[in-house]
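>>> kindly generate the corresponding structure for this input.
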Amino acid sequence: MVDRVVFVVVLLLAGVYLWASAQIPELEMGDPLGPKAFPRFLGVGLIICAGMLFFEMRMKSLKASRVAAGQGSKPRAWGFILIMVVVIGLYFLMFERLGYVISTSLFLCLTTSYFNRGKTMANVCTSLGYSGASYYLFSVLLGVNLPHGLLPF
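Numbers count the residues shown, from 1 in each chain. Down below sits the predicted model:
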């Protein structure tokens with residue numbers, strides 16, 4: 001049941017995101033792809049993720065039909081969704097105050113520590129490495145203004 005809810009929410013989010021990206025005005029000069037290319041790419045990525053989730057749900061239901069399951073929904077799944085919503089909300093709230101690198105590192109460290117339990121050093125290195133590399137890519141190479149927050153750069 002939780003998978004279905006997430007599937008519908010991701011599809012709705014993708015639809016709203018693609019609609020909103022279509023509202024971006026066209027520019028006569030500048031990048032030949034225009035300002036709509038990256039948001040459309042993200043919207044299509046959301047649809048692809050929803051499709052992958054749908055495929056996973058299908059495979060799970062086929063497997064469950066082969067095995068006489070009879071088990072109810074897992075209450076832990078709803079708790080996990082609630083925790084993820086809170087963590088993402090905190091990430092959004094702290095993004096401007098702490099800056100891109102610190103807030104993204106903390107967010108990734110929290111999420112990877114849940115999914116990759118017991119590998120603290122790998123989680124910290126992955127979180128810091130991704131945050132630093134993506135900051136360099138977007139801020140330095142692409143010229144995107146990201147919040148500095150507590151860091152001087």
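>>> mind listing the helices for the chain?
2-22, 37-66, 75-98, 100-115, 120-135 (DSSP state H).
>>> now tabulate those helices in TSV and tack on mean pLDDT and mean neighbour count.
(Each C-beta comes from the backbone N, C-alpha and C, glycine too.) Below are these laid out as TSV (pLDDT from 0 to 100; neighbours: other C-beta atoms under 10 Å):
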stretch	mean pLDDT	mean neighbour count
helix 2-22	86	14
helix 37-66	84	13
helix 75-98	85	12
helix 100-115	92	18
helix 120-135	93	15
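>>> with distance to Leu151 as added columns, please give the ones you listed in CSV.
Shown next, in CSV, are these (distance: least, C-beta to C-beta, whole Å):
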stretch, distance to Leu151
helix 2-22, 29
helix 37-66, 25
helix 75-98, 9
helix 100-115, 6
helix 120-135, 9
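>>> and Val140, how far from Leu146?
10 Å (C-beta to C-beta, to the nearest Å).
>>> tell me how far the residue lying closest to Trp78 once chain neighbours are set aside lies from Leu110.
Distance criterion C-beta to C-beta, 6 or more residues apart in numbering; nearest residue to Trp78, sequence neighbours excluded, is Val2 at 6.6 Å. Distance of Val2 to Leu110, computed by C-beta to C-beta: 20 Å.
>>> repeat for Arg117
Separation of Arg117 from Leu110 (C-beta to C-beta): 12 Å.
>>> repeat for Gly149
Applying C-beta to C-beta to Gly149 and Leu110 gives a distance of 17 Å.
>>> domains of this structure?
Listed by automatic domain parsing, the domain ranges of the chain are 1-66, 76-153.
>>> my read: Ile24 touches Phe38, true?
No: Ile24 is beyond contact range of Phe38, at 10.1 Å (criterion: C-beta atoms under 8 Å).
>>> list residues touching both of these two?
Contact criterion C-beta atoms under 8 Å, 6 or more residues apart in numbering; no residue bridges Ile24 and Phe38 by contacting each.
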